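>>> starting from these lines, generate the structure:
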Amino acid sequence: MESMTPESSSRKLDDPSADPAQESEKLLRNLAGSARDREHSEPLAADNLAEVIGFNVRALRTQHGFSVSDMAANIGLSKAMLSKIENAQTSCSLSTLGLLARGLDVPVTSLFRGADAEREAVFTEAGAGPNITRNGTKAGHAYELLGSLRGQHKRLESLLVTLSQDSDAYPLFQHPGTEFIYMLEGQMQYGHGMSTYTLCPGDSLQFDGEAPHGPTALVTLPIRFLSAIAFPDNTSL
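You can find the predicted model right below:
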């Protein structure tokens, strides 16, 4: 990030030479997980172990660009057996699971992705999130919590922030982790370390939360923005 004086502002433009397709391949969610096209009739998730294994084997095989014939020959299974596995028509032995994992170059546990438990999600209707008080809260500065998961996923904090009144002083924050801001309404100047950014609707800012940060000027009220903070694993909550 380019260092700037507190009085200056910055609007970063994407590199026109960047290939969006190549950039999408670098997304951590794709590198650590999987991404593929889904047919309209295909369910989002399988509901039994054989279906889960078959779904994951097919997805990983396709991701590697292997045909059923090529992969079967590679790992020492018949084409018919591999087809049965992918279509959940047979149960896999431990030795077969080992062959599949080695052939796909993944841990065996990857073949069970999605089978261990129902994954949690929280839906918050508009205006239904609880209002919370955080350091720097004052009249005209409202923070609405947009849902919270249990356990390790509590390390993501999502807020809808509304600034409706100007003031002689603004909150200044510092915290571990990475914060992402997305502007919905209004205009403000937002400081991070020695840099200041002018944020308008549709603008976003992602930054290291350890540096001092917060609004430095409320240009057009009311101001509404989404704030999501990803805390590191060693954060005490």
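
>>> so where do the strands sit in this structure?
Here the chain has its strands, by DSSP state E, at 131-132, 141-145, 156-163, 178-192, 195-199, 204-208, 213-230.

>>> just checking: what are the partner strands of the first one?
Translated: strand 131-132. If you go by DSSP bridges, strand 131-132 pairs up with strand 141-145 (antiparallel).

>>> avg pLDDT for the longest helix along the chain?
Longest among the helix segments of the chain by residue count, using DSSP state H, is helix 49-64. Average pLDDT, helix 49-64: 86.

>>> run through this structure and note the low-pLDDT ranges.
Judged against pLDDT under 70, the low-scoring parts of the chain cover residues 1-25, 30-36, 38, 42-47, 114-119, 134-139, 150-153, 235-237.

>>> what residue spans form the domains of it?
Structural domains of the chain, as assigned by automatic domain parsing, span the residue ranges 20-112, 131-230.

>>> so can I have JSON lines of the strands of the chain showing distance to residue 27 and mean neighbour count?
Where you see a C-beta, it was placed from the backbone N, CA and C, and this is true even at glycine. JSON lines is the format used below for the strands of the chain (distance: least, C-beta to C-beta, whole Å; neighbours: other C-beta atoms under 10 Å):
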{"stretch": "strand 131-132", "distance to residue 27": "30", "mean neighbour count": "12"}
{"stretch": "strand 141-145", "distance to residue 27": "27", "mean neighbour count": "18"}
{"stretch": "strand 156-163", "distance to residue 27": "17", "mean neighbour count": "18"}
{"stretch": "strand 178-192", "distance to residue 27": "14", "mean neighbour count": "18"}
{"stretch": "strand 195-199", "distance to residue 27": "24", "mean neighbour count": "20"}
{"stretch": "strand 204-208", "distance to residue 27": "14", "mean neighbour count": "15"}
{"stretch": "strand 213-230", "distance to residue 27": "15", "mean neighbour count": "17"}
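
>>> export those as a markdown table, with columns for distance to residue 103.
Output for these, formatted as a markdown table (distance: least, C-beta to C-beta, whole Å):
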| stretch | distance to residue 103 |
| --- | --- |
| strand 131-132 | 49 |
| strand 141-145 | 45 |
| strand 156-163 | 35 |
| strand 178-192 | 36 |
| strand 195-199 | 48 |
| strand 204-208 | 38 |
| strand 213-230 | 34 |
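
>>> closest to residue 121 out of the ones you listed?
Distance to residue 121, taken as C-beta to C-beta, is lowest for strand 156-163 among the strands of the chain, at 12.3 Å.

>>> quickly run through the sheet partners of that closest one, with directions.
Taking DSSP bridges as the criterion, strand 156-163 pairs within the sheet with strand 141-145 (antiparallel), strand 213-230 (antiparallel).

>>> so who does the closest residue to residue 77 other than its chain neighbours touch?
Spatial nearest neighbour of residue 77, chain neighbours left out: residue 99 (6.6 Å); criterion: C-beta to C-beta, 6 or more residues apart in numbering. Contacts of residue 99 were listed using C-beta atoms under 8 Å, 6 or more residues apart in numbering, and they are 75, 76, 77.

>>> repeat that for 10 Å
By C-beta atoms under 10 Å, 6 or more residues apart in numbering, the contact set of residue 99 is 74, 75, 76, 77, 82, 92, 93.

>>> my read: residue 227 touches residue 156, true?
No. Proximity of residue 227 to residue 156 does not meet the contact threshold set by C-beta atoms under 10 Å, at 11.3 Å.

>>> residue 105 and residue 75 touch, don't they?
No. With the criterion set as C-beta under 10 Å, residue 105 and residue 75 do not qualify as a contacting pair; they are 11.1 Å apart.

>>> more neighbours: which of the two?
Taking neighbours as other C-beta atoms under 10 Å, residue 105 and residue 75 compare with residue 75 leading, 17 against 9.
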